[in-house]
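Participant: here is my input; please provide its structure:
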Amino acid sequence: QVQLVESGGGSVQAGGSLTLSCAASGRTYNTMGWARQAPGKEREFVAAITWSGGRTSYVDSVKGRFTISRDNAKNTVYLQMNSLKPEDTAIYYCAVGRATNIGDYWGQGTQVTVSS
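Facilitator: Model prediction:
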């Protein structure tokens with residue numbers, strides 16, 4: 001049974017920072033990453049990183065502000081979020097994939113709220 005345990009969400013003022021963590025149980029996944037869903041909107045991809053860490057990808061709206069990284073020894077992926085904006089408010093979901101995309105398995109989500 002795959003388990004993804006997220007932590008690090010919370011409330012912060014605009015311009016602040018948060019770091020999300022997600023620990024995966026069981027096997028190692030080639031791709032780990034994050035998606036988010038704001039109220040009334042569809043879930044959107046945020047960032048992903050490959051096993052080697054050599055390839056990362058981001059949605060345009062977070063480029064230059066968010067950084068994704070992973071610790072393979074801990075089977076954990078991180079999302080460092082800086083210069084947060086109210087429009088970053090959403091439930092953030094950790095996800096992993098056996099190939100080049102995330103989405104084979106999902107975490108339960110963690111709330112991030114950014115106030116203006």
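Participant: show me what contacts the residue most central in space within the chain?
Facilitator: Computing the C-alpha centroid of the chain and ranking residues by CA atoms, centre = their mean puts residue 34 first, at 2.9 Å. Counting by CB atoms under 8 Å, 6 or more residues apart in numbering, residue 34 makes contact with 20, 22, 46-48, 68, 77, 79, 92-95, 102. For glycine as for every other residue, the C-beta is placed from the backbone atoms N, C-alpha and C.
Participant: same check on residue 51?
Facilitator: Counting by CB under 8 Å, 6+ apart, residue 51 has contacts 28, 29, 30, 31, 70, 72.
Participant: also residue 41?
Facilitator: Counted by CB under 8 Å, 6+ apart, residue 41 has contacts residue 90.
Participant: could you look up the SS state of it?
Facilitator: Using DSSP: H, G, I helix; E, B strand; the rest coil, the structure places residue 41 in coil.
Participant: list phi and psi for it.
Facilitator: phi -120, psi 160 (degrees, to the nearest 10).
Participant: could you give the bridge partners of the residue nearest to residue 47 when sequence neighbours are not counted?
Facilitator: Leaving aside its chain neighbours, residue 47 sits nearest to residue 68 (4.2 Å; criterion: CB to CB, 6 or more residues apart in numbering). Residue 68 has these beta-bridge partners by DSSP bridges: residue 79.
Participant: could you do residue 50 as well?
Facilitator: Under the criterion used here (DSSP bridges), residue 50 is bridged to residue 31.
Participant: repeat that for residue 95.
Facilitator: Applying DSSP bridges, one finds that residue 95 bridges with residue 33, residue 106.
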